[in-house]
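A.B. asks: Starting from these lines, generate the structure:
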Amino acid sequence: MRLLSKKDVRHRVLYSPAHIARLEAAGQFPKRVRLGVGRVGWVEEEIEVWLRERIARRDASGS
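C.D. replies: Sure, this is the predicted structure:
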């Protein structure tokens, strides 16, 4: 298992940290893992699944 930093996630999904936090709070983005004071990470596979779902939706809609 690999954890991604906020910077890694930001580069993969191309969203700002604030938008990632909004999506997460709305239950529309994988939840972060609290690693310590001021340090969080995301499970890489959960981010990959989230991205694959968006690609599948795009392909299904023909857009």
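A.B. asks: For residue 50, grab phi and psi.
C.D. replies: phi -60, psi -40 (degrees, to the nearest 10).
A.B. asks: Contact partners for the nearest residue to it once chain neighbours are set aside?
C.D. replies: Leaving out its chain neighbours, the residue that sits closest to residue 50 by C-beta to C-beta, 6 or more residues apart in numbering is residue 30, at 5.7 Å. Any C-beta I mention is one placed from the backbone N, CA and C, and that applies to glycine too. Applying C-beta atoms under 8 Å, 6 or more residues apart in numbering to residue 30 gives the contacts 24, 42-43, 46-47, 49-50.
A.B. asks: mind running it again at 6 Å?
C.D. replies: 42, 46-47, 50 (C-beta atoms under 6 Å, 6 or more residues apart in numbering).
A.B. asks: In which helix or strand does the most centrally placed residue in the chain reside?
C.D. replies: Nearest to the geometric centre of the chain sits residue 47, at 4.5 Å (C-alpha atoms, centre = their mean). According to DSSP states H and E, residue 47 maps onto helix 44-61.
A.B. asks: who's in contact with that helix?
C.D. replies: Looking at what lies outside helix 44-61 - C-beta under 6 Å, 6+ apart - the contacts are 2, 4, 30.
A.B. asks: Turn those into a markdown table, including pLDDT and distance to residue 12.
C.D. replies: Putting the contacts of helix 44-61 into a markdown table (pLDDT from 0 to 100; distance: C-beta to C-beta, whole Å) gives the following:
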| residue | pLDDT | distance to residue 12 |
| --- | --- | --- |
| 2 | 97 | 12 |
| 4 | 98 | 7 |
| 30 | 98 | 11 |
